[in-house]
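Participant: 3D, please:
(chains A and B)
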Amino acid sequence: MTVLAERPVSFAEAPEPHHEHGPSGFLKWVTSTDHKVIGKNYTVTAVIFFLLAGAMAMLIRAQLANPDSTLLSQHTYNEMFTMHGSLMIYLFVGPVAFGGLANYIVPLQIGAPDMAFPRLNALSYWLYLGGGLLMMTGFLTTGSAADFGWVAYAPLSNSINTPGAGPDLWIVALILTGFSAIFTGVNLVSTIYYLRAPGMTMFRMPIFTWNMLVTGILILIAFPVFTSALVFLWCDRHLGAHIFEVQGGGVPVLWQDLFWFFGHPEVYILALPFFGIVTDVIAVFSRKPIFGYRGMVFATISIAALSTSVWAHHMFTTGVVLLPFFSLMSYLIAVPTGIKFFNWIGTMWRGSVKFDTPMLFCIGFLGTFLVGGVSGILLASPPIDFATHDTYFVVAHFHSVVMALVMGAFAGFFYWYPKMTGRMLREGLGKATFWLMFIGTNVTFDPQYLLGLKGMPRRIAEYAASDGYTTLNRISSVGAAIIFISVAIFVVNVVVSWWNPIPAGDNPWDAATLEWATTSPPPHHNFLKIPPIRSRRPVWDYNHPEDRILDHAHKPRLGELVAAGGGTAVLLDEIGFDGEDGAGSREPDR
Amino acid sequence: MKNEAYVFLFVGIFFGLAGLVYWLWSHEDAGSVMLLGTFLLGCVPGSYYLWWSRRMPKRPEDNPDATLEDGAGVVGAFPGSSIWPFVLGLGATFVAAALVFGAWTLGVGLFLAVSALVGVVYESRRGGLV
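Facilitator: Residues are numbered from 1 along each chain as shown, chains lettered A, B, ... in the order given. Next up, the predicted model:
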């Protein structure tokens, strides 16, 4: 049945909610095209994959806790690190952001009744679930699951070196999830371009929505390349196409080119949504408008553009890439990322900061991402990369980055859980999750930087006692156990909130953006009433009418444009008036 | 509509320049072709949006002074519950499995996928405005 969505007109008089006359229970789960149901499905599925991949990480760390360990066979160990990486990258961090949180939140933040293509959205979820299950099916086949690493380098991934159904399942599963991601990207861009509420101009959108727009475009750039490369790989394995094989005139390094042209933007497809979450959450819990809004938007777009022109910095040691070009471009990414850090700190500066769980996770994100980012700048230098390539230094670098993103995911989850369920999570348990995760992350991955510098290679199942890696590896394994406990506490938190709910109310955080104007959880088609949108903070304006309204219609924009390149002009510009009235002056607008 | 166009045009211009520099500097084929594709990915939708932004009246969502009354009325037609995305997803999964296990799942997959396509088309006819 087709439903016409009418725009609610005034905030004061809410009509009676019209309930969806759809099926319930299992049938609702299977047939719903509501972005909220699909978003929840995505989130729950992705979290299950996260727990599975985490369990594999525990096995890996248990194996490496002792020298000459025989806990796992070499072959099982290869499967574990391959599937750990694949589940985390392809099935958790990305989908939980662009399929789960974004699917749920973006239409709410722009005042839309649903995503632009609801049935395509549902198809995305089913392709994602089908792909994920196919990948896991690899464990049930006789030859076992894929074991060529999450990057599947040629010629290791050809039919001679890794025969069997498991690797094939890995390939076709990622073709399915690739299409799923492309459909979600199309859906996000169309929704943001065509379904905004009146007055919600592009430069009034919350930063999370902006980042999801840019993520959508990045998905459209990156995923088609990867999906077609996987089709090539399948043809190589089954039809003898010799695209990546020297014997038939192919080029193995071409796989790396195609893979990393996807793989590096993919890192930012994973990162940008969490940058957006962190930006919004910091603003809410500092009780201030976002500092340098336009600078944030330009930084996001620059990061996205640069991230697509640095793919070969993963291939420095192949000896066939243009080192100065890729090194320069990689260094350049530090500039817009630095602007983001500057603006995050600027948002907190002289605000009245409240250290609730989402805010703690954001601060943890800042610290952890800084460590990961700075070690990334080291790796952008070819001489350093030659020395540390394929060592634990690289492993530590990207785990610092990705654990920061996981903290961003937890920030978003704690922040929006009340909106999605109408229940609060427990603060005490949330803070315990944060501190254990933050400490655990550093205890796990900081020793790995040292291991890398001592020369321990990646992806080895065992090392000798005489190598001198034992102590640091033990510390690292203890850290992994701490992370495990923190995630267990998080699961307990969700279960407790389910058994013994604390009602959340519509706007428990006194937040400013449009998703907090509707009920928790939102009704069918999201809004019974919408406040007037006159600034970037429509809900704040409605709830705090006493707030001084500043008209900055004629404020020069040059300062903020310079911020995208330098960052100082905007400092003088914005601290000038933000600092005076602390909480809640209006952002310049238009 | 202008800002929407500029976002895509920025992508086009950036990758046009980056691709040009990369090609002149490295003469490497694979990367240059991918950058050319990305240049087109930015230019084609960007110029389309720009073309439209000059020909259509300003939408309420592009007007900072728009009131909610300006956007009153029907936003669009949204499909209600539908089983077909699930059936199509299941069909696609079976077709993909056929690439691994051989032809026996292909029949099941194609049957599901085709019936889903037919079902979606009929559903849209019945529903009206989709």
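Participant: so where does residue A:105 fall, helix or strand?
Facilitator: Assigned by DSSP states H and E, residue A:105 belongs to helix A:102-109.
Participant: Flag the shaky bits of chain B, pLDDT-wise.
Facilitator: Judged by pLDDT under 70, chain B has its weakly predicted residues at B:126-130.
Participant: So which residues of chain B form helices?
Facilitator: Taking DSSP state H, the helices of chain B run over residues B:2-26, B:29-53, B:84-101, B:104-127.
Participant: can you list these in TSV and add mean neighbour count and distance to chain A?
Facilitator: Where C-beta positions appear, they are placed from N, C-alpha and C, glycine not excepted. Formatted as TSV, the helices of chain B follow (neighbours: other C-beta atoms under 10 Å in any protein chain shown; distance: least, C-beta to the nearest C-beta, whole Å):
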stretch	mean neighbour count	distance to chain A
helix B:2-26	18	4
helix B:29-53	17	4
helix B:84-101	22	2
helix B:104-127	15	3
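Participant: And those: which comes nearest residue A:438?
Facilitator: Nearest to residue A:438, of all the helices of chain B, is helix B:2-26, at 35.3 Å by C-beta to C-beta.
Participant: distance of the residue of chain B most remote from its centre from residue A:305?
Facilitator: Relative to the centre of chain B, and counting by C-alpha atoms, centre = their mean, the farthest-placed residue is residue B:25 at 33.3 Å. Using C-beta to C-beta, to the nearest Å, we find residue B:25 at a distance of 18 Å from residue A:305.
Participant: Could you do residue A:193 as well?
Facilitator: Note on residue A:193: its distance to residue A:305, by C-beta to C-beta, is 19 Å.
Participant: And these two? Which one has more around it.
Facilitator: Taking other C-beta atoms under 10 Å in any protein chain shown, residue A:193 and residue A:305 do not tie; residue A:305 has more neighbours (26 against 21).
Participant: how far away is the more buried one from residue A:188?
Facilitator: For residue A:305, the distance to residue A:188 equals 18 Å [C-beta to C-beta].
Participant: Kindly report the same for residue A:521.
Facilitator: 21 Å.
Participant: was I right about residue A:260 contacting residue A:312?
Facilitator: Yes - with contacts counted by C-beta atoms under 8 Å, residue A:260 reaches residue A:312, the gap being 6.6 Å.
Participant: Tell me which of those two has more neighbours.
Facilitator: Of the pair residue A:260 and residue A:312, residue A:312 is the one with more neighbours under other C-beta under 10 Å, namely 28 against 23.
Participant: so what's the closest residue to that one other than its chain neighbours up against?
Facilitator: In space, and not counting its chain neighbours, residue A:312 is closest to residue A:321: 4.0 Å by C-beta to C-beta, 6 or more residues apart in numbering or on different chains. By C-beta atoms under 8 Å, 6 or more residues apart in numbering or on different chains, the contact list for residue A:321 reads A:312, A:315, B:28.
Participant: Could you report the neighbour count for whichever residue of the stretch 1-150 of chain A sits closest to chain B?
Facilitator: Residue nearest to chain B within the stretch 1-150 of chain A: residue A:126 (2.4 Å; C-beta to the nearest C-beta). Residue A:126: 23 surrounding residues under other C-beta under 10 Å.
Participant: just residue A:531 next, same as before
Facilitator: Residue A:531 is flanked by 21 other residues according to other C-beta under 10 Å.
Participant: Identify each buried residue in the host helix or strand of residue A:266, please.
Facilitator: Under the criterion of DSSP H and E, residue A:266 resides in helix A:252-286. Buried residues in helix A:252-286, counted by 16 or more other C-beta atoms under 10 Å in any protein chain shown: A:252-286.
Participant: and if you look at stretch A:159-168?
Facilitator: A:162, A:164, A:165, A:166, A:167, A:168.
Participant: so the residue of the stretch 1-150 of chain A closest to chain B makes contact with residue B:82?
Facilitator: No - checked against C-beta under 8 Å, the pair residue A:126 and residue B:82 is beyond contact range at 11.5 Å.
Participant: what helix or strand is the nearest residue in space to residue A:480 that is not next to it in sequence on?
Facilitator: In space, and not counting its chain neighbours, residue A:480 is closest to residue A:61: 4.0 Å by C-beta to C-beta, 6+ apart. Here residue A:61 sits within helix A:35-64, counting by DSSP H and E.
Participant: residues of the helix or strand just after that helix that come out buried?
Facilitator: Using DSSP H and E, the helix or strand that follows helix A:35-64 in sequence is helix A:74-86. By neighbour count on 16+ other C-beta under 10 Å, the buried set for helix A:74-86 is A:77, A:78, A:79, A:80, A:81, A:82, A:83, A:84, A:85, A:86.
Participant: and helix A:74-86, how far from the chain's centre?
Facilitator: Distance of helix A:74-86 from the chain centroid (C-alpha atoms, centre = their mean, to the nearest Å) equals 22 Å.
Participant: name the helices or strands packed onto that helix?
Facilitator: Packing partners of helix A:74-86 (3 or more C-beta pairs under 8 Å, 6 or more residues apart in numbering or on different chains; DSSP states H and E): helix A:35-64, helix A:165-194.
Participant: Can you pull out the residues in contact with the following helix or strand past it?
Facilitator: Counting by DSSP H and E, the next helix or strand C-terminal to helix A:74-86 is helix A:94. For helix A:94, contacts defined as C-beta under 8 Å, 6+ apart pick out A:181, A:266, A:269, A:270.
Participant: Quick check: the third one vs residue A:181, distance?
Facilitator: The spacing between residue A:269 and residue A:181, counted by C-beta to C-beta, is 8 Å.
Participant: Over to the last one?
Facilitator: From residue A:270 across to residue A:181, the span is 11 Å (C-beta to C-beta).
Participant: State whether residue A:148 and residue A:159 are indeed in contact, as I suppose.
Facilitator: No - using C-beta under 8 Å, residue A:148 is not in contact with residue A:159, being 11.6 Å away.
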